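Enquirer: Have a look; sequence and predicted model below, questions after that.
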Amino acid sequence: MDARYQVVREGQVEVLNRVESPELGVLAAGRVVKGQVSKSSFVRIARHRRVLWAGRLRRLQGFTEQATQVPCGQECALGFDGFEDIQPGDLIETFQLVPTY
């Protein structure tokens, strides 16, 4: 039996800055403006209302350490598998895929 998935929107992050780290690679430093972000989130990155990339979140960094969840109003850093062209002003939509049988 094949599972189908429902997209459940979780949150939105506005990118404030691009951070490059020799150990961690390129990270998007931003503020959660809607909902929340979870370490298990899938993401869509959009610039000028055009989706540039969709995939998994590789890293979620809270204010001082790695986090499993960041709520609305908090700043965080996000890393992605296979996407480094992040720019200030980009919007990151986070979501979960929930199986529906």
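Expert: That came in fine, so what should we check first? Residues are numbered from 1 along each chain as shown.
Enquirer: okay, CA-based contacts and neighbour counts for the rest of this
Expert: Will do.
Enquirer: So for the helix or strand where Val37 lies, mean pLDDT?
Expert: Taking DSSP states H and E as the criterion, the element that holds Val37 is strand 25-38. Confidence for strand 25-38, expressed as mean pLDDT, is 96.
Enquirer: Run me through the strand neighbours of it, direction for each.
Expert: Strand partners for strand 25-38, identified by DSSP bridges, are recorded as strand 4-21 (antiparallel), strand 69-71 (antiparallel), strand 75-80 (antiparallel).
Enquirer: The following helix or strand past the last one vs strand 75-80, what angle?
Expert: It refers to strand 75-80. Scanning forward in sequence from strand 75-80, with DSSP H and E defining helices and strands, the next element found is strand 91-100. In this structure, strand 91-100 runs at an angle of 70 degrees to strand 75-80, with axes from the mean of the first three to the mean of the last three CA atoms, to 10 degrees as the basis.
Enquirer: Now do strand 91-100: distance to the chain's middle.
Expert: On the basis of CA atoms, centre = their mean, to the nearest Å, strand 91-100 sits 10 Å off its chain's mean C-alpha point.
Enquirer: So which elements touch that strand?
Expert: strand 4-21, strand 42-47 (3 or more CA pairs under 8 Å, 6 or more residues apart in numbering; DSSP states H and E).
Enquirer: Tabulate these (a markdown table), appending distance to Leu60 and mean neighbour count.
Expert: Putting those into a markdown table (distance: least, CA to CA, whole Å; neighbours: other CA atoms under 10 Å) gives the following:
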| stretch | distance to Leu60 | mean neighbour count |
| --- | --- | --- |
| strand 4-21 | 12 | 16 |
| strand 42-47 | 12 | 20 |
